[in-house]
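> coordinates for the following, if possible.
(chains A and B)
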Amino acid sequence: MHQNDALDRSSLQRLQVERLRETVRRVIANVPFYRERFRAAGIGADDIRSIEDVRRLPFTTKQDLRDHYPFGLFAVPMADVARIHASSGTTGKMTVVGYTRHDLDAWAEVCSRSLGCAGVHRGDIVHNAYGYGLFTGGLGVHYGAEKHGVTVIPISGGNTKRQVMILQDFGGTVLTCTPSYALNLAEVIQELGVDPASLKLRVGIFGAEPWSEAMRKEIEKKLHLDALDIYGLSEVMGPGVAMECLAKNGPHVFEDHFLAEVIDPDTGEVLPAGARGELVFTSLTKEAFPVIRYRTRDITSLDTAPCSCGRTLARMVRVTGRTDDMLIIRGVNVFPSQIESILVGLPGVEPHYQLIVDRVNQMDTLEVQVEVTEGTFSDEVKKLEGLARRIENDVKDYCGVTCKVKLVEPKSIQRSEGKAKRVIDKRKM
Amino acid sequence: MKVEQISVFLENKSGRLSEVTRILGGGGINLRALTLADTTDFGILRLIVNDNRRAVELLKANGFTVGTTEVVAVEIPDRPNGLADILDLLGAAGINVEYMYAFVERHADNAVVIFRFDEPEKAIAALQKAGVSILPGEKVYAL
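Below you'll find the predicted structure:
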């Protein structure tokens, strides 16, 4: 266990205050956005004396990040940025994040500590089926596993039959992927007639999308492993912001790197431990892309009661929802407004649409229902089918998610009095 | 020489087709010919009726998406190879059939085939040149 995983809370807070003050100093010096915000709020680095002083700092939102696309909130010169990652955002614009070498080390450290939470040790083989690329999942876990001193198989996502063969032949003991992909894998294992007990898998580290306790039970039963929840978001770091231990009581936040608060999403008031609200993170060690009081939109609560594993780090209660309309579909962030902007851009298409999200055979599905109007209607099947295919392709291109377009009759999508109900999420979390 | 056809977008939901026919029947509309093209999710109902304008109004008023298309009604001798001969003729003229459907005329020895062509003018010219009988709209609506 890492030394900082079991600090007594007062020592942890002393470390946090010191690091927070340093971070505030750094962003004031290097990021005009924060400099102006903090000046307006009348706060400087020297005003940070106790951990409660973080409450005097203004929040940062996803919109702030978007407004400074791509590199406007970086706190170091580009030459010092060792790597860039990005996640999708509304209207197709991504949220871009950067890491210095030191940040990559810190990230690898928290991912290594995450593997530690899962009891991963020398001799283990990590079958890393998180996607590699701009998405933080694959590379985040990869470098964490290397730092942890275990073998890593950078299989990335997809090609599931081949993954099963590699699980059989290479003997992966630790599976890392999204929970929905784990279930997909389990299904293919079953289809191929492979006995899951014949695999060497012992533990799974699953994240990047919300999942339920019921899903945990199902994955554990089908894959014969302990399924643990890893939490992270690229704006804060990537995977490894928090990780569940084998006590399976919610992810421990690596609080020496990330200061967590839970606020009332309406008033911005900080809520006491145990109260449910919006999770807010402040970077304590990041150099290239520190965030101050970043509103994650994830709804959870924090529990600082001691854990049977010996860690003193606060635990997050399972994320059960969001304060915005973002959907996470097979690990991809999708905003209804992204799909709306695709539809509005098509000639003749009226923006009456509805998104139906479901989980079929353990995989998230997205159906986009679009009303057919006189402008888009044709007496020829191939033209209507062409329209549906075009929307499907655009959604894939712009949002990175596969959907099925269903053309429906006009007025068949319910009109609401106030805010349109664009999303029907049938998944049971 | 062209015939106006109405097309209606239908979701694959039970009762939709009967609703369309009831609406038309209630408005005193007589159906002359119809065909339904269906896919997994939706169908396109194509109709030839005795009063197009009224039919379109009624359907629109009931919230249906309606389109009108010009099709060609060809009279074909009701005997083996009657249709094949016509199709060969069209093929030889390089004319593409988008879709077609047929009905047998009452008290006559001919079938009527409704064609949707990519290039209707070209098709009509080719058919006329070969002496094939093309029914004008008024005649089809009144059949």
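> going forward, measure contacts between C-alpha atoms and count neighbours the same way
Will do.
> in the sheet, who's paired with B:Ile35?
In this structure residue B:35 is Thr, not Ile. Legend: beta-bridge partners of B:Thr35 under DSSP bridges are B:Arg46.
> wait, it touches B:Ile48, no?
No: B:Thr35 is beyond contact range of B:Ile48, at 9.3 Å (criterion: Cα atoms under 8 Å).
> next secondary structure after the strand or helix carrying A:Ile28?
For A:Ile28, the element it lies in under DSSP states H and E is helix A:9-30. With elements assigned by DSSP H and E, the helix or strand that comes after helix A:9-30 is helix A:32-41.
> list the contacts of the next helix or strand after that next one.
Per DSSP H and E, the first helix or strand lying C-terminal to helix A:32-41 is helix A:62-67. The contact list for helix A:62-67 (Cα atoms under 8 Å, 6 or more residues apart in numbering or on different chains) reads A:Leu73, A:Lys93, A:Met94, A:Thr95, A:Tyr294, A:Arg295.
> ranking those by neighbours, who comes first?
For the contacts of helix A:62-67, the largest number of neighbours (other Cα atoms under 10 Å in any protein chain shown) sits with A:Leu73, at 25 neighbours.
> shaky segments in the stretch 51-200 of chain A?
Along the stretch 51-200 of chain A, the parts satisfying pLDDT under 70 run over A:88-92.
> let's go with 50 and repeat that
Along the stretch 51-200 of chain A, segments meeting pLDDT under 50 span A:90.
> let's verify the residue of it found nearest chain B: helix, strand, or coil?
Relative to chain B, the nearest point of the stretch 51-200 of chain A is A:Asn184 (25.3 Å; Cα to the nearest Cα). Using DSSP: H, G, I helix; E, B strand; the rest coil, the structure places A:Asn184 in helix.
> ok, it - contacts?
Neighbouring residues of A:Asn184 by Cα under 8 Å, 6+ apart: A:Asn361, A:Gln362, A:Met363.
> okay, helices next: where are they in chain A?
Here chain A has its helices, by DSSP state H, at A:9-30, A:32-41, A:62-67, A:101-117, A:136-148, A:160-170, A:179-191, A:213-223, A:336-344, A:381-399.
> roughly how far does the spatially closest residue to A:Leu302 that is not a sequence neighbour sit from chain B?
Excluding the flanking residues, the one nearest A:Leu302 by Cα to Cα, 6 or more residues apart in numbering or on different chains is A:Met316, at 4.8 Å. Distance of A:Met316 to chain B, computed by Cα to the nearest Cα, to the nearest Å: 43 Å.
> surely A:Met316 touches A:Asp298?
No: A:Met316 is beyond contact range of A:Asp298, at 10.8 Å (criterion: Cα under 8 Å).
> out of the contacts of A:Asn184, flag the one nearest to chain B.
Proximity of the contacts of A:Asn184 to chain B was ranked by Cα to the nearest Cα; the top entry is A:Asn361 with 20.2 Å.
> could you find the closest non-adjacent residue to that closest one?
Distances taken as Cα to Cα, 6+ apart place A:Asn184 nearest to A:Asn361, at 7.6 Å, with adjacent residues excluded.
> OK, contacts around residue 137?
No chain specified, so I'll use chain A. A:Tyr130, A:Gly131, A:Ala208, A:Gly238, A:Pro239.
> nope, chain B
By Cα under 8 Å, 6+ apart, B:Gly137 lies in contact with B:Met1, B:Lys2, B:Val3, B:Glu4.
> tally of neighbours for the closest residue to A:Ser112 other than its chain neighbours?
In space, and not counting its chain neighbours, A:Ser112 is closest to A:Gly144: 4.5 Å by Cα to Cα, 6+ apart. Residue neighbour count, defined by other Cα under 10 Å, stands at 26 for A:Gly144.
> B:Val97 touches B:Val113, doesn't it?
No: between B:Val97 and B:Val113 there is no contact under Cα under 8 Å: 11.8 Å.
> compare these two (neighbour count), which wins?
Set B:Val97 next to B:Val113 and count neighbours by other Cα under 10 Å: B:Val113 wins out with 21 against 16.
> what is the helix or strand hosting that one packed up against?
Element membership of B:Val113 [criterion: DSSP H and E] is strand B:110-117. Contact here means 3 or more Cα pairs under 8 Å, 6 or more residues apart in numbering or on different chains; DSSP states H and E; on that basis strand B:110-117 packs against strand B:66-77, strand B:97-104.
> please identify the most buried of those.
Among the helices and strands packed on strand B:110-117, strand B:66-77 has the highest mean neighbour count (mean count of other Cα atoms under 10 Å in any protein chain shown), at a mean of 21.
> got the contact list for the nearest residue to A:Leu12 once chain neighbours are set aside?
On the basis of Cα to Cα, 6+ apart, the spatially nearest residue to A:Leu12 that is not a chain neighbour turns out to be A:Asp256, at 6.8 Å. A:Asp256 makes contact with A:Asn4, A:Leu12, A:Leu15, A:Gln16, A:Leu284 under the criterion Cα under 8 Å, 6+ apart.
> top of those by neighbour count?
Counting neighbours by other Cα under 10 Å, A:Leu284 comes out on top of these with 24 neighbours.
> quick one: contacts for it?
Counting by Cα under 8 Å, 6+ apart, A:Leu284 touches A:Gln16, A:Arg19, A:Leu20, A:Thr23, A:Asp256, A:His257, A:Phe258, A:Leu259, A:Pro290.
> would you mind measuring from the residue positioned nearest the centre of chain B to B:Val74?
Compute the mean C-alpha point of chain B, and by Cα atoms, centre = their mean the closest residue is B:Ile114, 4.7 Å away. Noted for B:Ile114: a distance of 6 Å to B:Val74, by Cα to Cα, to the nearest Å.
> residue numbers of chain A in contact with chain B?
A:372-374, A:377-381, A:406-411 (Cα under 8 Å from any Cα of the partner chain).
> reformat those residues as CSV; add distance to A:Cys117, neighbour count and pLDDT.
Below are these laid out as CSV (distance: Cα to Cα, whole Å; neighbours: other Cα atoms under 10 Å in any protein chain shown; pLDDT from 0 to 100):
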residue, distance to A:Cys117, neighbour count, pLDDT
A:Val372, 52, 28, 88
A:Thr373, 55, 22, 83
A:Glu374, 58, 17, 84
A:Phe377, 56, 22, 91
A:Ser378, 58, 22, 91
A:Asp379, 60, 23, 92
A:Glu380, 58, 15, 92
A:Val381, 55, 18, 92
A:Lys406, 44, 22, 93
A:Leu407, 47, 22, 92
A:Val408, 49, 22, 91
A:Glu409, 52, 21, 88
A:Pro410, 53, 19, 81
A:Lys411, 52, 13, 75
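> which of those sits closest to A:Ala118?
A:Lys406 (42.2 Å; Cα to Cα).
> pretty sure that closest one contacts A:Val370?
Yes: the pair formed by A:Lys406 and A:Val370 meets the contact definition of Cα under 8 Å, at 6.3 Å.
> show me where chain B has its helices.
So, for chain B - with DSSP H - the helices run B:16-26, B:52-61, B:82-92, B:120-129, B:137-141.
> looking at the contacts of A:Asp256, spot the one nearest chain B.
Nearest to chain B out of these is A:Leu284 (Cα to the nearest Cα; 52.4 Å).
> ok, B:Phe64 - contacts?
By Cα under 8 Å, 6+ apart, B:Phe64 lies in contact with A:Glu409, A:Pro410, B:Val8, B:Phe9, B:Leu10.
> need the per-residue pLDDT for the residue lying closest to B:Val56 once chain neighbours are set aside.
Nearest in space to B:Val56, with sequence neighbours left out and distances taken as Cα to Cα, 6+ apart, is B:Val66 at 6.7 Å. At B:Val66, the model reports a pLDDT of 95.
> my guess is B:Val66 meets B:Val8, correct?
Yes: counting by Cα under 8 Å, B:Val66 does reach B:Val8; the two are 4.7 Å apart.
> the residue nearest to A:Ser112 against A:Gly116, yeah?
No: between A:Gly144 and A:Gly116 there is no contact under Cα under 8 Å: 10.2 Å.
> from A:Gly98, how far out is the residue nearest to A:Ser112?
Distance, A:Gly144 to A:Gly98, by Cα to Cα: 17 Å.
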